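Asks: I'd like to go over a predicted model; first the sequence, then the structure.
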Protein chains: 2
Amino acid sequence: MAVSIRPFEASDWSLLWPLLHAVFAVGDTYTFPPDASEDEIFALWIKLPQATFVACDESGAIVGSYYIKPNQPGHGSHVCNCGYLVAKAARGQGIASLMCEHSQATALALGFLAMQFNFVVSTNRSAVRLWQKHGFNIVGTLPKAFRHPQAGLVDAHVMYKWLAGGSDAP
Amino acid sequence: MAVSIRPFEASDWSLLWPLLHAVFAVGDTYTFPPDASEDEIFALWIKLPQATFVACDESGAIVGSYYIKPNQPGHGSHVCNCGYLVAKAARGQGIASLMCEHSQATALALGFLAMQFNFVVSTNRSAVRLWQKHGFNIVGTLPKAFRHPQAGLVDAHVMYKWLAGGSDAP
């Protein structure tokens, strides 16, 4: 599948929001409330982040999306946070990898020095492996911090990657 | 000093906000922007949290404050987050310890199972030691995640304590 990634446009929302809703409703990867309203999801994915992108297939259909924002304000704002989504029907085709690479380039272009994932559910092993493949390290584990709908209380990981080179690198 | 801790009341704000502003303005412990407006500080400390408390001395003067809120929504909302402040003139008298103990009891009363500090600046050694003394573990370290106004880029710790007993304990 030839996938292109471009900035979100307002007209994308009617197609993007059902994809987001479907992932949140399953509730096994994100802490976002499974019964979140369209307005709440819009705030989380579009309004609050600094930028949002969509991944489209050859026909222009949205198959994924990610947002980027500072993970902390003020003196922590050089570290960004991203959230990613791949449409269920489009999984296993490397779209998350493409978005992860794209988001790292975006982060550097926006002046961020590092990227942090605050809450990678430990049972989401494909995500953990994927981020590790892209250079993210598990820098912390939060014991039983996620209430998995099937597995009960499970750990969540904090993952982190320094993006910038030069004298700032740890 | 005999200190009592009680819920924040609207009439406390005019006395509390200068204390918060003073700590944020120094900018060596919190990521909150040093130039944050009163409205922004009100949102952070009062409006967004689930509850806010103040610590008062014998005369009723506010010498400290803390807030408590879920650290994540949805399936992560059983872990709370707190932020603490001690007025500069009242430091070294155990007020942070009192608030830490009070906040753990509050957390259990509100139904939380664990408490997480997302961003304890590593150079704030007295805070790291204090939380450790109260049973918090460093579960993660974020390399160079804080831009210290004097020390430059320094690490920040994620600290975590399971509060609840019983079969849920990790």
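Replies: Sure thing, it's come through.

Asks: nearest residue to residue A:96 in space, please, no chain neighbours.
Replies: residue A:86 (5.3 Å; Cβ to Cβ, 6 or more residues apart in numbering or on different chains). Every C-beta, even on glycine, is put in place using the N, C-alpha and C of the backbone.

Asks: ok, the one you found - contacts?
Replies: A:55, A:63-64, A:95-96, A:99 (Cβ atoms under 8 Å, 6 or more residues apart in numbering or on different chains).

Asks: which ones among those are found in strands?
Replies: A:55, A:63-64 (DSSP state E).

Asks: name the nearest of these relative to residue A:45.
Replies: residue A:64 (12.2 Å; Cβ to Cβ).

Asks: quick one: the closest one and residue A:96 touch, right?
Replies: Yes. In this structure, residue A:64 is within contact of residue A:96 by Cβ atoms under 8 Å, at 7.1 Å.

Asks: what's the overlap in contacts for these two?
Replies: A:84, A:86.

Asks: could you measure the residue in chain A positioned nearest to chain B against residue A:128, distance?
Replies: Taking Cβ to the nearest Cβ, chain B has its nearest neighbour within chain A at residue A:140, 1.7 Å off. For residue A:140, the distance to residue A:128 equals 13 Å [Cβ to Cβ, to the nearest Å].

Asks: who has more neighbours, the two?
Replies: When residue A:140 is set against residue A:128 and neighbours are counted by other Cβ atoms under 10 Å in any protein chain shown, the residue ahead is residue A:140, at 23 against 18.

Asks: tell me which element that one is part of?
Replies: For residue A:140, the host element (DSSP states H and E) is strand A:137-148.

Asks: got the buried residues for that strand?
Replies: Applying a neighbour-count criterion of 16 or more other Cβ atoms under 10 Å in any protein chain shown, one finds A:138-148 buried in strand A:137-148.

Asks: which parts of chain A are strands?
Replies: Assigned by DSSP E, the strands in chain A fall at A:4-7, A:51-56, A:62-70, A:79-86, A:114-121, A:137-148, A:152-162.

Asks: turn those strands into a markdown table, including distance to residue B:42 and mean pLDDT.
Replies: Formatted as a markdown table, these follow (distance: least, Cβ to Cβ, whole Å; pLDDT from 0 to 100):
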| stretch | distance to residue B:42 | mean pLDDT |
| --- | --- | --- |
| strand A:4-7 | 33 | 98 |
| strand A:51-56 | 28 | 98 |
| strand A:62-70 | 21 | 97 |
| strand A:79-86 | 24 | 96 |
| strand A:114-121 | 25 | 97 |
| strand A:137-148 | 29 | 97 |
| strand A:152-162 | 29 | 97 |
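
Asks: hang on, the earlier thing: the residue of chain A closest to chain B bridge partners, please.
Replies: Per DSSP bridges, the residues bridged to residue A:140 are residue A:158, residue B:140.

Asks: roughly how far apart are it and residue A:18?
Replies: 33 Å.

Asks: now residue A:154
Replies: Distance of residue A:154 to residue A:18, given as Cβ to Cβ: 27 Å.

Asks: and the two? Which one has more around it.
Replies: Legend: neighbour count by other Cβ under 10 Å for residue A:154 and residue A:18, higher for residue A:154 (19 against 12).

Asks: tell me how far the more buried one lies from residue A:52.
Replies: Distance from residue A:154 to residue A:52, by Cβ to Cβ: 28 Å.
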